[in-house]
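*Asks:* With the input below, show me the fold.
(one chain, ligands or ions: 2)
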Amino acid sequence: MYTTTVSDLLQTDLLNQKITVCGWVRSFRSNRFIALNDGSTIKTIQCVVDYESFDEAVLNKINIGASICVTGTLVESQGQGQSVEIQVEGIEILGEANPDEVKLTILSPKRHSLETLREQAHLRIRTNTFGAVMRVRSKLAFAIHKYFNEKGFFYMNSPIITGSDAEGAGEMFTVSSFDSKNPPLTKDGAIDFSKDFFGKETHLTVSGQLEAETYAMGLGKVYTFGPTFRAENSNTSRHLAEFWMVEPEVAFYDLDDTMDLAEDFIKYILTYALEQCDDDLEFLENRLLQEDKNKPEAEHSTMKLREKLQFVVNNKFVRISYTEAIEILKKSKPNQKKRFKYLIDDWGVDLQSEHERYLVEKHFKSPVILFDYPAKIKAFYMRLNDDGKTVRAMDVLFPGIGEIVGGSQREERYDVLLDKMRAMHVDEKELYWYLDLRKFGTVVHSGFGLGFERMVQFATGMSNIRDVIPYPRTPGNAEY
Ligand code: 4AD
Ligand code: MG
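*Replies:* Ligands and ions are numbered 1, 2, ... in the order given. Have a look, this model is predicted:
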């Protein structure tokens, strides 16, 4: 069966030709006008039915949510709202949808809350909002590969099951093939992982960085793009237990080089989305304007969605050190008036998302790259500065999101790295291979990790990260 897509019908010149298109019914008005969507675009194609030529039994099955295949001629539209429509000659009902049940589910045209849709994650993709978000997500993923491929990077895949804790933060899920009710125990009563599948304790990776570093030491420029897992009990609109991370790693790059790379990369993928996803972004932009109407004036967005993306693409990101940022935050109004939940009084404290968002949204009104953080609040692998107390770390902070990228220049000096690992209780035996890199032709190198869902959140304007991944995994939830 040769079929075409709605997107093709609307874009290519198939006028006056006989076509076949399959999709799901969005609405059926006056026993005459079917709005058909097939996911290829946010738009629907209008199919005009001459009801006298069709069996009533067939017409009765053209309900919202039903899947149908339509054959007919593409003609210029008589009505308003669309340029072309299908003069229907044949209809095949592929899969019925009971209209009474459909009304109870997400397929009803009435506005449903995003929370309700989250409980129907297998059906929510039929809605305009999720269709738009997931098409943008897919385009962004493609743009990421396109960018790195054009820049001479090699795509490498870090393992998902690993023996090492890449961030040294202990927030890992254990992977085991033991019978959870009866695992073998050691003499001391602890679980005996030496008898487990891999002969040792293993986890789902929190980051592909360390393995990417080994590949950068042979291939020069590499990037990973894969799922990562964090067993942190963060129930926020920006945290997932399973999320996708993009991690470039480059030999001979210092911190400035990696900041340049992050900025250029972000601008490239957002430009691509603006070029390729205009229909979807327009829809999402209007959705946000609607959402604003239900909020107090003070919470309305100052820029429309596409303006916000353009703004990021067209402006240089502000770059300031952590120390400068602390000075700004100390003197800031919310700090002086004690409106921050966590007040900033001393150098060395970790920044919370309220501080990051103050810098980006109120103070600079621009994306900000903070660098040279205190060593104590950052991971063991970051390069120690000559002051002995800061490391060559950088975070990219975005409006509405906070941290979207975390990166650093890596500690390439064997002795310094070993000292830091010992001081921070990182298992040096487990990471012998990581230390080895510093023994055999070590070089300055740097990289970063971009949280893919946070980027999709920014690009689509969705306020909750659970609404930009097909099947969100969060504390207490792993449905499907
Ligand atoms: O800052 P993070 O923890 O950095 C790393 O994992 C480094 N190994 C990256 C590197 O240098 N190669 O995480 C990087 C980014 C964050 O900036 C954030 O965007 C995202 O990953 N992220 C999360 N996204 C969703 N849910 C979570 N629980 C996240 N944790 C981090
Ligand atoms: Mg971070």
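*Asks:* Strands of the stretch 51-200 of the chain, residue ranges please.
*Replies:* Counting by DSSP state E, counting those that start in this stretch, residue ranges of the strands within the stretch 51-200 of the chain are 67-76, 84-95, 154-155, 161-162, 174-175.
*Asks:* Looking at those, which is nearest to ligand 1?
*Replies:* strand 161-162 (12.5 Å; CB to the nearest ligand atom). Every residue, glycine included, has its C-beta placed from N, CA and C.
*Asks:* what packs against the closest one?
*Replies:* Applying 3 or more CB pairs under 8 Å, 6 or more residues apart in numbering; DSSP states H and E, one finds that strand 161-162 contacts strand 202-204.
*Asks:* do the strand it packs on and ligand 1 meet?
*Replies:* No - Strand 202-204 is not in contact with ligand 1 by CB under 6 Å from any ligand atom; minimum separation 12.6 Å.
*Asks:* And that strand, how far out from the chain middle?
*Replies:* Put simply, strand 202-204 sits 22 Å off its chain's centre (CA atoms, centre = their mean, to the nearest Å).
*Asks:* mind exporting the helix or strand just after that strand as PDB, just the C-alpha atoms?
*Replies:* Once the chain leaves strand 202-204, the next helix or strand it forms, by DSSP states H and E, is helix 209-219. Extracted C-alpha coordinates of helix 209-219, given in PDB (Å, rounded to 0.1, in the frame of the first residue of the first chain):
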ATOM      1  CA  GLN A 209      32.800  11.000  31.100                       C
ATOM      2  CA  LEU A 210      35.600   8.900  32.500                       C
ATOM      3  CA  GLU A 211      35.400   6.400  29.700                       C
ATOM      4  CA  ALA A 212      35.100   9.200  27.200                       C
ATOM      5  CA  GLU A 213      38.300  10.700  28.500                       C
ATOM      6  CA  THR A 214      40.100   7.400  27.700                       C
ATOM      7  CA  TYR A 215      38.800   7.700  24.100                       C
ATOM      8  CA  ALA A 216      39.800  11.300  23.800                       C
ATOM      9  CA  MET A 217      43.300  10.200  24.700                       C
ATOM     10  CA  GLY A 218      43.300   8.100  21.500                       C
ATOM     11  CA  LEU A 219      40.800   9.800  19.100                       C
END
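*Asks:* Just the buried residues of helix 209-219, please?
*Replies:* For helix 209-219, a neighbour-count test (16 or more other CB atoms under 10 Å) marks 209, 210, 211, 212, 213, 214, 215, 216, 217 as buried.
*Asks:* packing partners for that helix?
*Replies:* strand 221-229, strand 242-251, helix 432-436, strand 445-451.
*Asks:* swap the cut-off to 6 Å and go again
*Replies:* On a contact count with 3 or more CB pairs under 6 Å, 6 or more residues apart in numbering; DSSP states H and E, helix 209-219 meets strand 221-229, strand 242-251.
*Asks:* show me where pLDDT drops low in the chain?
*Replies:* 1, 103-112 (pLDDT under 70).
*Asks:* Recalculate using a threshold of 80.
*Replies:* Across the chain, the ranges flagged by pLDDT under 80 are 1-2, 81, 100-112.
*Asks:* List, one by one, the residues from it near ligand 1.
*Replies:* Residues of the chain lying close to ligand 1 by CB under 6 Å from any ligand atom are 166-167, 207, 209, 230, 239-240, 243, 245, 247, 403-408, 447-449, 451, 453-454.
*Asks:* Can you lay out the strands of the stretch 51-200 of the chain as CSV showing mean neighbour count?
*Replies:* Below are the strands of the stretch 51-200 of the chain laid out as CSV (neighbours: other CB atoms under 10 Å):
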stretch, mean neighbour count
strand 67-76, 18
strand 84-95, 16
strand 154-155, 14
strand 161-162, 16
strand 174-175, 16
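*Asks:* Give me the neighbour count for the closest residue to residue 230 other than its chain neighbours.
*Replies:* Sequence neighbours aside, residue 171 is the residue nearest to residue 230 in space, at 5.0 Å (criterion: CB to CB, 6 or more residues apart in numbering). Residues lying near residue 171 (other CB atoms under 10 Å) number 16.
*Asks:* residues in contact with residue 171?
*Replies:* By CB atoms under 6 Å, 6 or more residues apart in numbering, the contact set of residue 171 is 230, 231, 232.
*Asks:* so how far is residue 204 from the first one?
*Replies:* This points to residue 230. The gap separating residue 230 from residue 204 is 9 Å, by CB to CB, to the nearest Å.
*Asks:* returning to that earlier point: name only those of the contacts of residue 171 that count as buried.
*Replies:* Buried among those by 16+ other CB under 10 Å: 230, 232.
*Asks:* Closest one of the contacts of residue 171 to ligand 1?
*Replies:* Of those, the one sitting nearest to ligand 1 (CB to the nearest ligand atom) turns out to be residue 230, at 4.5 Å.
*Asks:* Need the phi and psi values for that closest one.
*Replies:* Main-chain torsions, residue 230, degrees, to the nearest 10: phi -130, psi 120.
*Asks:* and if you look at residue 407?
*Replies:* phi -150, psi -180.
*Asks:* The nearest residue to residue 285 once chain neighbours are set aside - how many residues pack around it?
*Replies:* Computed as CB to CB, 6+ apart, the closest residue to residue 285 that is not its neighbour in sequence is residue 305, at 3.9 Å. Counted with other CB under 10 Å, residues neighbouring residue 305 total 21.
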